[in-house]
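> From the sequence below, what's the structure:
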Amino acid sequence: MKRSINLWQLPGFAVTSLVGTILHFLYDWLGEASWIAPFSGVNESTWEHMKLLFWPMFIYAIVQSFFFRDRDDFWCVKLRGILLGLALVPAIFYTYNGVIGKSPDFINIVIFFISAVISYIYEAQLFNADKTPCRSHKVALAILCVIALLFAVFTLATPEIGIFKDPLTGTYGI
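Presented below is the predicted three-dimensional model:
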């Protein structure tokens with residue numbers, strides 16, 4: 001079991017990296033189509049970059065869940081991994097910008113990849129330890145669904161707070 005989980009994590013990172021990169025540009029490529037906005041980056045805000053990490057990780061987890069039905073802790077581990085990635089994106093971004101000033105675009109891309117790789121390594125460690133407390137896998141999955149809903153809602157009805165502000169245009173949301 002441990003070996004097969006480790007084998008799933010590398011493709012998970014690859015899928016997240018590729019799909020997240022595509023999602024960064026997809027909204028513009030599709031002529032700013034409103035139907036793709038909840039899943040794709042609509043501006044350069046930190047929130048939108050978190051969304052680029054969330055959707056591929058969540059969708060990959062859904063696919064992966066069919067192969068690991070025997071793991072009672074599956075959704076709890078995935079929730080922890082995804083939350084770690086979502087926390088790392090703003091933590092690294094704001095720390096880097098606080099120290100250096102303004103980051104070039106390639107640094108933002110590196111932050112995305114670092115957050116993804118750390119998340120998948122963390123998940124692998126939790127799976128391999130086989131001691132992750134999980135009171136309810138249904139609650140963990142429900143929390144992930146609420147996060148998905150928040151990404152959709154806040155894309156279309158964006159709060160005017162810093163994490164949602166596009167640093168290039170000074171605007172919020174679409």
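
> List the buried residues in the helix or strand L84 falls within.
Per DSSP states H and E, L84 falls inside helix 74-100. Going by neighbour count (16 or more other Cβ atoms under 10 Å), the buried part of helix 74-100 is 74-86, 88-90, 92-93, 96. In this view, the C-beta of every residue, glycine as well, is placed from N, C-alpha and C.

> Quick check: next helix or strand after it?
helix 105-129.

> Flag every buried residue along that next one.
Quick answer for helix 105-129 (16+ other Cβ under 10 Å): 108, 111-112, 115-120, 122-124, 126-127.

> just the angle between it and helix 74-100, please?
Orientation of helix 105-129 against helix 74-100 (axes from the mean of the first three to the mean of the last three Cα atoms, to 10 degrees) gives an angle of 150 degrees.

> Does the helix or strand following helix 105-129 pack against any helices or strands, and if so which?
Downstream of helix 105-129, the first helix or strand assigned by DSSP H and E is helix 137-156. Counting contacts by 3 or more Cβ pairs under 8 Å, 6 or more residues apart in numbering; DSSP states H and E, helix 137-156 is packed against helix 46-65, helix 74-100.

> hmm, back to that, what angle do the helix holding L84 and helix 137-156 make?
40 degrees.

> Out of the helices and strands packed on helix 137-156, flag the one nearest T155.
helix 46-65 (7.3 Å; Cβ to Cβ).

> now the helices and strands packed on helix 137-156 as CSV including mean pLDDT and distance to E32?
Formatted as CSV, the helices and strands packed on helix 137-156 follow (pLDDT from 0 to 100; distance: least, Cβ to Cβ, whole Å):
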stretch, mean pLDDT, distance to E32
helix 46-65, 94, 14
helix 74-100, 90, 23
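
> how about those, which one is nearest A152?
helix 46-65 (9.2 Å).

> quick one: the closest one to helix 137-156, angle?
Going by the same axes, to 10 degrees, helix 46-65 makes 150 degrees with helix 137-156.
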